[in-house]
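1. this one's structure only:
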DNA sequence: CCCAAAAATGAGCTTGATTCATTTATAATG
DNA sequence: CATTATAAATGAATCAAGCTCATTTTTGGG
């Protein structure tokens, strides 16, 4: 009976954990509609029909609880991202799907994510958290698409993957932020669209050459070089002061 | 004497305010070296050689104090951004300068910025804060460069300015975040470089075409030269220390 | 030197997270 | 079915940090 009983125990514990996590996410979503006021443990306990102290039997402290809730979120997100990318299509479309998914989901749980993450934002010890690992697993989906795109020749091969990743998720997160400020979902979607254009054009491997326009122009090249050198000189002057 | 005396009073008050703000920024920078533990008012008061209560005579509450410190930071940053952009050079160079400046400064005061901002991140009422106004004034510098770039024909005109702005600052902030995780300034600079390439190519009008595989590509050549020069500069910087 | 106004202080209040002694529920055993 | 050991839950008490305000100290004009 040992084994069976212990399994039942574990299931019960996990069930209650899920209850508390669901309550947490719910309270954050609710609170979002009103002012972005910070969420109390008391509120989460109430939502889950538990006494305040009970929450601490399942999670070490508030921070751990929020992190677990975020982990939950990332789990879902990663699953869905994998599914989105599994269907056969070109690199650009895959990236667009990932962008769409990321933008929407992050927008939905923005308060939870920002509150859970903010203690780590300033700290290099974020690397040690479970959330870091989960985030890593999540962006791995993106990385695979990018690596595949490079192999296919869709994406230029002279950029570091982390830089591409930063450009992608950084831009999207700013779009989400800006969307929250405006409160206009439609504008936001247009913004994401424009962002995707910038990003995509930026990473794509050069389109097949066209001779005319861009062909080498000696005079122009010299001028451009002069400008570059001028810029460097000014930089140095400023540094010298 | 009324007027003269009141001016002196104001000066004294402003001086003390500056003291407290400087202490605040200092404590955040110090705390950064250790774990990113959160800063207490007590610590700021100690740094400024004041009793805790005194701080509250000059700032309504902690949040207001942090915001004032951030405002201080933005003031400096805006001034320097304006100066950087004032010198005559092409759009790409201006953007690179702005990127460089933003990246470095934000990296330096990251903990302060994130802690001061985090209460507003989830909230649309950020629009009402003074920091929002200051941030607006700051990005205005960027917006001008972009608008000018569009007018000159350097930047494509089919993208919304906010989207361009999001792409720029979003990408940079992720670079900064990633730089804090790695703790390797040099990697980070390379990442910013790559990011800038993506961004620049993405927004530029007609990315310079190249004629056939092996043909000489002016833009690529310039970029390569820039990288070489950048490398030399870094070498010099390192030698200088 | 004296005093009123200004500035500063720090003990105590408040709020919200966290702990833990106690109570309540569960379920195995005689 | 009563007994009792164990698990689960409770909420009153503790703690920490932001914040207030009655009191003390400093300042500057007469």
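-> The structure has been received and is ready for your questions. What you see is a predicted model; the values in this text were computed from it and never measured.
2. so residue A:63 sits right up against residue A:119, yeah?
-> Yes: contact between residue A:63 and residue A:119 holds when scored by C-beta atoms under 8 Å: they sit 6.3 Å apart. To be clear about C-beta, it is placed using only N, CA and C from the backbone, and glycine gets the same treatment.
3. where along chain A do the helices fall?
-> Under the criterion DSSP state H, chain A carries helices at the ranges A:2-33, A:41-47, A:52-58, A:62-86, A:91-108, A:110-117, A:130-152, A:161-182, A:185-203, A:218-240.
4. contact residues of chain A facing DNA strand C?
-> By C-beta under 7 Å from any atom of the strand, the residues of chain A that approach DNA strand C are A:5, A:38-42, A:52-53, A:56, A:60-63.
5. contact partners for residue A:81?
-> Applying C-beta atoms under 8 Å, 6 or more residues apart in numbering or on different chains, we find residue A:81 in contact with A:98, A:101-102, A:138, A:141-142.
6. swap the cut-off to 6 Å and go again
-> For residue A:81, the contact set (C-beta atoms under 6 Å, 6 or more residues apart in numbering or on different chains) comprises A:98, A:101, A:141.
7. just to revisit the earlier point, redo the helices of chain A as TSV? Include mean pLDDT and distance to DNA strand D.
-> Conversion of those to TSV gives the following (pLDDT from 0 to 100; distance: least, C-beta to the nearest atom of the strand, whole Å):
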stretch	mean pLDDT	distance to DNA strand D
helix A:2-33	84	5
helix A:41-47	97	7
helix A:52-58	98	2
helix A:62-86	97	13
helix A:91-108	96	29
helix A:110-117	93	16
helix A:130-152	95	22
helix A:161-182	93	24
helix A:185-203	89	32
helix A:218-240	52	38
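8. which one of those lies nearest to residue B:91?
-> Comparing the helices of chain A against residue B:91 with C-beta to C-beta, the closest turns out to be helix A:218-240 (10.6 Å).
9. pick out the residue nearest the middle of chain A.
-> Centrality entry for chain A: nearest residue to the mean C-alpha point is residue A:169, 5.1 Å, by C-alpha atoms, centre = their mean.
10. ok, and the closest non-adjacent residue to that one?
-> Among residues not flanking residue A:169 along the chain, residue B:174 sits closest, at 5.9 Å (C-beta to C-beta, 6 or more residues apart in numbering or on different chains).
11. so how many other residues sit close to that neighbour?
-> 24 (other C-beta atoms under 10 Å in any protein chain shown).
12. how close does the nearest residue to residue A:121 once chain neighbours are set aside sit to residue A:126?
-> Beyond its immediate neighbours in the sequence, the residue positioned closest to residue A:121 (C-beta to C-beta, 6+ apart) is residue B:114, lying 4.3 Å away. Residue B:114 sits 12 Å away from residue A:126, taking C-beta to C-beta, to the nearest Å as the criterion.
13. more neighbours, the two?
-> Taking other C-beta under 10 Å, residue B:114 and residue A:126 do not tie; residue B:114 has more neighbours (25 against 18).
14. isn't the more buried one up against residue A:122?
-> Yes: Residue B:114 lies in contact with residue A:122 (C-beta atoms under 6 Å); the separation is 5.0 Å.
15. the nearest residue to residue A:111 once chain neighbours are set aside: how many residues sit nearby?
-> Ranked by C-beta to C-beta, 6+ apart and with sequence neighbours excluded, the top spatial neighbour of residue A:111 is residue B:122, at 3.6 Å. Neighbouring residues of residue B:122 were enumerated by other C-beta under 10 Å; the total is 25.
16. likewise for residue A:75?
-> When neighbours are counted by other C-beta under 10 Å, residue A:75 registers 13.
17. how close does it sit to residue A:11?
-> Computed with C-beta to C-beta, the distance linking residue A:75 and residue A:11 is 18 Å.
18. ok, now residue A:93?
-> Summarising the geometry, the distance separating residue A:93 from residue A:11, computed by C-beta to C-beta, is 41 Å.
19. who's more crowded, those two?
-> Neighbours of residue A:93 and residue A:11, each counted by other C-beta under 10 Å, are more numerous for residue A:93; the result is 13 against 10.
20. what sits against the more buried one?
-> Contacts for residue A:93 (C-beta under 6 Å, 6+ apart) come out as none.
21. list the contacts for residue A:84?
-> The contact partners of residue A:84, by C-beta under 6 Å, 6+ apart, come to A:97, A:101.
22. any idea how far residue A:99 is from it?
-> Applying C-beta to C-beta to residue A:84 and residue A:99 gives a distance of 10 Å.
23. residue A:39 touches residue A:27, doesn't it?
-> Yes: Residue A:39 lies in contact with residue A:27 (C-beta under 6 Å); the separation is 5.4 Å.
24. thinking again about what came up before, neighbour count for residue A:63 and residue A:119, which is higher?
-> Looking at residue A:63 and residue A:119 with other C-beta under 10 Å, you find the greater number of neighbours at residue A:119, namely 20 against 14.
25. torsion angles phi and psi at that one?
-> Summarising the backbone geometry of residue A:119 under the convention degrees, to the nearest 10, its torsions are phi -60, psi -20.
26. what's the pLDDT at it?
-> Reported pLDDT at residue A:119 in the predicted model: 85.
27. do residue A:37 as well
-> Confidence per residue is given as pLDDT, and for residue A:37 that number is 77.
28. quick check: domain ranges of chain A?
-> As assigned by automatic domain parsing, chain A contains the domains A:1-59, A:61-226.
29. winner for burial among the ones you listed?
-> Ranked by mean neighbour count under mean count of other C-beta atoms under 10 Å in any protein chain shown, these are led by domain A:61-226, which reaches a mean of 18.
30. need the contact list for residue A:139.
-> The contact partners of residue A:139, by C-beta under 6 Å, 6+ apart, come to residue A:165.
31. sorry, slip of the keys, the one I care about is residue A:130.
-> For residue A:130, the contacting residues are residue A:71, by C-beta under 6 Å, 6+ apart.
32. do residue A:159 as well
-> For residue A:159, the residues meeting the contact criterion (C-beta under 6 Å, 6+ apart) are residue B:194.
33. distance of the residue nearest to residue A:121 from DNA strand C?
-> 19 Å (C-beta to the nearest atom of the strand, to the nearest Å).
34. equivalent analysis for residue A:75, please.
-> 23 Å.
35. so what's that residue closest to, chain neighbours aside?
-> Counting by C-beta to C-beta, 6+ apart, residue A:75 lies nearest to residue A:134, which is 7.1 Å off, once chain neighbours are set aside.
36. how close does that neighbour sit to residue B:202?
-> 29 Å.
37. also residue A:92?
-> Relative to residue B:202, residue A:92 is positioned 13 Å away (C-beta to C-beta).
38. having no further points to raise, I will conclude here.
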